[in-house]
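Q: coords below, sequence missing:
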């Protein structure tokens, strides 16, 4: 069993910043990519950023100047540092990881956290 638990969301004024964290735990054998996606009310879930186990990063073009993804492989944790937040950044932020659990040979699959709410007031 694998779990991803996010923390760090909340209410912030426009222009503020938040640091989101997501820790993976359980019967983890290996983790490849990890990342963050978000879903605003009435909109489809969208990719925010991803990071490989080697540290290569990928961002949504509209967010790369304000959001920074990082990870600590020893802690199975991924972070999202956000700055200059805007009301349109309001959404539920989900972390995910491509994780192989259990015995050797078990394929990688994507696991998702339960989400953390980020609300940016104007």
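A: Received the coordinates, thanks. None of the values given here were measured: they were computed from a predicted structure. Residues are numbered from 1 along each chain as shown.

Q: residue 78 against residue 37, yeah?
A: No - look at residue 78 against residue 37 with CB atoms under 8 Å: they stay out of range, at 11.8 Å. For glycine as for every other residue, the C-beta is placed from the backbone atoms N, C-alpha and C.

Q: looking at the two, which is more packed in?
A: Between residue 78 and residue 37, counted using other CB atoms under 10 Å, the more crowded position is residue 78 (29 against 21).

Q: and the more buried one, what does it touch?
A: Applying CB atoms under 8 Å, 6 or more residues apart in numbering to residue 78 gives the contacts 21-22, 34-36, 51, 69-71, 95, 97.

Q: repeat that for 6 Å
A: Neighbour list for residue 78: 22, 34, 71, 95 [criterion: CB atoms under 6 Å, 6 or more residues apart in numbering].

Q: now those: which count as buried?
A: Listed as buried from the contacts of residue 78 are 22, 34, 71, 95; burial here means 16 or more other CB atoms under 10 Å.

Q: and those residues as a markdown table, adding distance to residue 15, pLDDT and secondary structure?
A: Converted to a markdown table, the buried ones among the contacts of residue 78 look like this (distance: CB to CB, whole Å; pLDDT from 0 to 100; DSSP: H, G, I helix; E, B strand; the rest coil):
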| residue | distance to residue 15 | pLDDT | secondary structure |
| --- | --- | --- | --- |
| 22 | 24 | 98 | strand |
| 34 | 28 | 98 | strand |
| 71 | 26 | 98 | strand |
| 95 | 24 | 98 | strand |
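
Q: looking at the residues you listed, which is nearest residue 113?
A: Among the buried ones among the contacts of residue 78, residue 95 lies closest to residue 113 (CB to CB), at 4.5 Å.

Q: re earlier: of the contacts of residue 78, which is the nearest to residue 58?
A: Relative to residue 58, and with distances defined as CB to CB, the nearest of the contacts of residue 78 is residue 34, at 11.3 Å.

Q: how far away is that closest one from residue 73?
A: Look at residue 34 and residue 73: by CB to CB, to the nearest Å, they are 9 Å apart.

Q: ok, residue 48 to residue 72 distance?
A: Taking CB to CB as the measure, residue 48 and residue 72 are separated by 18 Å.
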